[in-house]
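A.B. asks: Quick one: sequence plus predicted model below, questions after.
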Amino acid sequence: MKYVDEFRDPEKAKTLAREIRALVSRIERAKQRPLQIMEVCGGHTHTIFRYGIQQLLPDAVEFVHGPGCPVCVLPMGRVDDCVALAERPEVIFTTFGDAMRVPGSKKSLLKAKADGADVRMVYSPLDALKIAQLNPQREVIFFGLGFETTMPSTAMTVLQAHARKVTNFSLFCNHITIIPTVKAILDSPDLHLDGFLGPGHVSMVIGTRPYDFIARHYRKPITVAGFEPLDVLQSMWMVLKQIADGRCEVENQYGRIVPEDGNAQALSAVTRVFETREFFEWRGLGSIDHSGVRMREAFAGFDAERKFAVPNVKIADPKACQCGEVLKGVIKPHQCKVFGTACTPESPLGSLMVSSEGACAAYYNYGRIDTSRIDERREARQAAVQGGACPGAGSRADVVGVSAVRGGP
Ligand code: SF4
């Protein structure tokens, strides 16, 4: 397929892998410890595991999986808020599919739907607006979720609802912003990153200039990367080349999609509808200043948080859940105590196991895990639960690790 196959050429991938090995052999730092390069975006995590890119790289280069999967960083309390809204009898709650499976403290949206709530999966916020227009006697809420990538389409939909004078449509806004998040990661004492693969989709909207502080202030190289295997390999080569040359710059490997100044029309819609929150709570990362947006006063009538009573309760993650440590790159997914046992894509305990872009789901789906051993442990866990142990609280059976047969980190 044109524009896809040329970015998946195995011979070019092998050449790039050879070039990367040659480059790494020139980097002194790589002889002391592995170079840690964070891929911020969950889309990159998915590509890395799907195509076995980590296995193509020398041991002296390590990917650290960042927090760029919006479903993965949604705190449990916000899922509970969604369920509370969805269970109101007058409400049709609309959402993207993967958000339906994120566990709340009592249930997910999928379980709420099974229990009778009117939860509907949509492919775009405009679908939700259409449902509102077709059901004037009901209140239709759209679950707005994601980074700057999805923010413009939500903003455009609110502007459309306003222009069409639709009064039974509102937005439960959980949109988050990338720059404060990357800054929080850079300020974290747990991490010693050597460089970044920058998020391609977000950058399509915001451009590459907002990353200047990473190179100038924090002295880390960053390359905005595309999502095909050759994109990721070439971007890794570009970051390593900067390290080898002693440079710290913002480079753009994804120039075929990402303009330096971003998308002015999309940014204008976002600025008209949203304003920055003082802080926003992230799963596993805690509260990050200015890392989320809410709706401006002018659009208060479309704001579900103002229109309905939202419990807004802060809920701690289950004790056994180590999503925060994985999100910060402190541990690898397979090192979580419940990986592949109490937490699987079919029955996720943590949010990183829900979306295909979540690091744990990527490890599970593509990390070549020994499933027979997982089944053994699942049975042991069920026996432990039946025997009175609390599910998700790290039963003895859960604590036993799962071994990667081949590949993996
Ligand atoms: S295995 Fe599950 S609980 Fe553990 S870090 Fe991954 S998603 Fe979170």
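C.D. replies: Good, I have the coordinates.
A.B. asks: Skip the chain neighbours and tell me the closest residue to the residue positioned nearest the centre of the chain.
C.D. replies: The centroid of the chain falls nearest to residue 69 when counting by Cα atoms, centre = their mean (0.6 Å). With Cβ to Cβ, 6 or more residues apart in numbering as the criterion, residue 69 has its nearest non-adjacent residue at 3.0 Å, and that residue is residue 42. C-betas here are computed from N, CA, C, even on glycine.
A.B. asks: need the contact list for that neighbour.
C.D. replies: Residues near residue 42 by Cβ atoms under 8 Å, 6 or more residues apart in numbering: 68, 69, 72, 355, 357, 358, 359.
A.B. asks: Looking at those, which one is closest to residue 342?
C.D. replies: Distances from residue 342 to those, taken as Cβ to Cβ, are shortest for residue 358 (15.7 Å).
A.B. asks: how near is that closest one to residue 156?
C.D. replies: Counting by Cβ to Cβ, to the nearest Å, the separation of residue 358 from residue 156 is 27 Å.
A.B. asks: Between these two, which has more neighbouring residues?
C.D. replies: Higher neighbour count among residue 358 and residue 156: residue 358, with 31 against 20, using other Cβ atoms under 10 Å.
A.B. asks: ok now do the closest residue to the more buried one other than its chain neighbours, which residues does it touch?
C.D. replies: Closest residue to residue 358 apart from its sequence neighbours, by Cβ to Cβ, 6+ apart: residue 352 at 4.0 Å. By Cβ under 8 Å, 6+ apart, the contact list for residue 352 reads 69, 72, 323, 326, 327, 333, 358, 359, 360, 361.
A.B. asks: same thing but 10 Å
C.D. replies: Contacts for residue 352 were tallied using Cβ atoms under 10 Å, 6 or more residues apart in numbering; they are 42, 45, 65, 67, 69, 71-73, 283-284, 321-324, 326-327, 333, 336, 339, 343, 358-364.
A.B. asks: Could you check the pLDDT of the residue in the stretch 201-350 of the chain positioned nearest to the ligand?
C.D. replies: Nearest residue of the stretch 201-350 of the chain to the ligand, counting by Cβ to the nearest ligand atom: residue 350, 2.3 Å away. Here, the pLDDT recorded for residue 350 equals 87.
A.B. asks: before we move on, what about residue 399?
C.D. replies: In this model, residue 399 carries a pLDDT of 26.
A.B. asks: Kindly report the same for residue 282.
C.D. replies: In this model, residue 282 is scored at 88, pLDDT.
A.B. asks: With residue 9 instead?
C.D. replies: 94.
A.B. asks: go on, the one 5 residues further on?
C.D. replies: According to the per-residue confidence, residue 14 scores 95 in pLDDT.
A.B. asks: Now it. Nearest residue, chain neighbours left out?
C.D. replies: Residue 14 sits nearest to residue 56 (Cβ to Cβ, 6+ apart), 7.8 Å away.
A.B. asks: Hmm, the one you found is touching residue 21, no?
C.D. replies: Yes - judged on Cβ atoms under 10 Å, residue 56 makes contact with residue 21 at a distance of 9.3 Å.
A.B. asks: ok, back up a step: quick one, phi/psi of the residue nearest to residue 14?
C.D. replies: Dihedral pair for residue 56: phi -80, psi -20, per degrees, to the nearest 10.
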